[in-house]
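Asks: With the sequence up front, the predicted model follows.
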Amino acid sequence: MKSSIITLCFALGLFTATLVSLESATAKSLPLHKLNLPDGFSISVFAEVDDARQMARSERGVIYVGSRRAGNLYAVVDSDGDYRADKVITLATDLNLPSGVTMYGGDLYVGAVDRILKYTGIDESLDNPPEPVVVLDTLPDKRHHGWKFIDFGPDGFLYIPVGAPCNLCLSENKAFASIHRINLSAENPVLETFAEGVRNSVGFAWHPVTHELWFTDNGRDLMGDEMPPGELNHAPKPGGHYGYPFFHANDIRNPEFGEGKNADDYTRPELELDPHVAPLGMIFYTGEQFPAKYKNQILIAEHGSWNRTPEAGHVGFRITMAKKLEDGTMNYETIVDGWLQDNKAWGRPVDILQLPDGSLLISDDHGDVIYRLSYNAG
């Protein structure tokens with residue numbers, strides 16, 4: 001745990017809000033016409049945000065956005081409701097990979113590697129942001145897979161994944177490669193492990209009917225072009241172990257650590273995704289705007305591969321849908337793609353956020369924008 005003096009110094013000096021101009025040519029230069037959309041759908045640029053990662057919406061409609069390499073925290077304001085941001089405010093700078101953001105009770109929570117920060121009543125002070133309260137500072141400080149996706153569950157607990165500090169390793173620190181939760185409203189909050197054997201989850205959501213947790217997980221690198229698959233997992237209760245670092249996907253044994261292990265001892269994924277697609281943010285679509293086939297189905301932002309040979313070509317860089325069929329199996333299909341052209345990416349989807357009208361925001365940390373995906377049957 002870092003000293004209170006360091007914590008205070010870290011908090012001070014970050015909060016001179018900066019208004020970012022929306023007059024740049026970034027959005028105009030993006031080839032949106034190359035995106036492949038289902039019939040009746042359209043896509044536009046909602047905001048230009050450097051290194052946009054996880055998004056959260058307040059009750060007043062402000063979109064808060066984390067970043068990773070940029071180290072910034074943003075507020076995006078659409079004051080006239082035309083689905084085009086009027087201003088982007090930089091609330092904080094020089095944070096430690098502040099990728100994860102979520103709203104709860106009017107307060108903004110930010111995951112910055114080894115700590116969770118809270119900005120109290122943030123909507124009321126966008127032009128003069130408050131100093132954050134450090135609500136948790138006992139998380140591991142490793143930056144490798146240290147960026148967070150955070151959210152509050154139906155139980156009121158804050159869920160916090162901690163990725164493995166490596167490509168493949170078996171750490172003595174049980175905090176790594178797990179999803180944790182904490183009841184911040186308790187008198188003495190204690191971080192508890194909800195799921196183990198999770199290499200690097202950067203997206204999760206709860207089923208709108210069962211309220212059970214589902215999460216994406218990124219498979220290891222350096223195992224070939226076609227292995228291992230990404231994962232979509234289901235965690236109906238705490239205590240499951242999802243295989244890492246012994247197994248990937250259904251039964252792919254890691255030669256370094258899987259010897260003598262039985263795949264049946266671990267929870268298999270509900271769905272094997274394509275290899276190396278880097279599945280990140282996911283939601284259950286609950287809106288009324290999209291056609292009925294999307295209702296309560298999982299939409300996943302696939303950030304895209306890097307660890308594949310040029311001959312194999314890159315994969316991912318798209319929005320996919322995972323849908324459970326009547327026989328209990330799951331179907332996996334592409335909804336939006338085209339960010340990858342001639343094996344080069346001009347955009348990389350990160351997170352998905354549903355707006356009250358049923359349209360979706362999609363963050364892109366490569367194109368440095370947030371898109372709005374909408375549907376009009378006419």
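Replies: Happy to help now that I have it. Numbers count the residues shown, from 1 in each chain.

Asks: give the contact list for Trp346.
Replies: Leu30, Pro31, Lys34, Trp339, His366, Gly367 (C-beta atoms under 8 Å, 6 or more residues apart in numbering). Backbone N, C-alpha and C define where each C-beta goes, glycine included.

Asks: residues contacting the fourth one?
Replies: Residues in contact with Trp339, defined by C-beta under 8 Å, 6+ apart, are Leu35, Gly304, Phe317, Arg318, Ala345, Trp346, Gly347, Arg348, Pro349, Asp364, Gly367.

Asks: Out of the contacts of Trp346, flag the one nearest to Leu353.
Replies: Gly367 (16.3 Å; C-beta to C-beta).

Asks: what's around that closest one, how many residues?
Replies: Applying other C-beta atoms under 10 Å, we find 24 residues neighbouring Gly367.

Asks: Could you do Gly304 as well?
Replies: Quick note: Gly304 (other C-beta under 10 Å) scores 22 neighbours.

Asks: what about the residue lying closest to Leu360 once chain neighbours are set aside, neighbour count?
Replies: Leaving aside its sequence neighbours, Leu360 sits nearest to Leu373 (C-beta to C-beta, 6 or more residues apart in numbering; 4.5 Å). Counted with other C-beta under 10 Å, residues neighbouring Leu373 total 24.

Asks: sec struct for Leu373, please.
Replies: strand (DSSP: H, G, I helix; E, B strand; the rest coil).

Asks: That one against Ile43, yeah?
Replies: Yes: here Leu373 reaches Ile43: they are 5.2 Å apart, a contact under C-beta atoms under 8 Å.

Asks: who touches both of the two?
Replies: Joint contacts of Leu373 and Ile43 (C-beta under 8 Å, 6+ apart) are Leu37, Val336.

Asks: Would you mind giving the contacts of Trp339 as a markdown table with pLDDT, secondary structure and distance to Cys169 added?
Replies: Below are those laid out as a markdown table (pLDDT from 0 to 100; DSSP: H, G, I helix; E, B strand; the rest coil; distance: C-beta to C-beta, whole Å):
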| residue | pLDDT | secondary structure | distance to Cys169 |
| --- | --- | --- | --- |
| Leu35 | 98 | coil | 38 |
| Gly304 | 97 | coil | 24 |
| Phe317 | 98 | coil | 28 |
| Arg318 | 98 | strand | 30 |
| Ala345 | 97 | strand | 28 |
| Trp346 | 97 | coil | 34 |
| Gly347 | 98 | coil | 31 |
| Arg348 | 98 | coil | 26 |
| Pro349 | 98 | strand | 28 |
| Asp364 | 98 | strand | 30 |
| Gly367 | 97 | coil | 32 |
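
Asks: Show me which of the residues you listed is closest to Glu272.
Replies: Ranked by distance to Glu272 (C-beta to C-beta), these are led by Arg318 at 16.4 Å.

Asks: low pLDDT regions in the protein?
Replies: Along the chain, the model assigns pLDDT under 70 to residues 1-28, 378.
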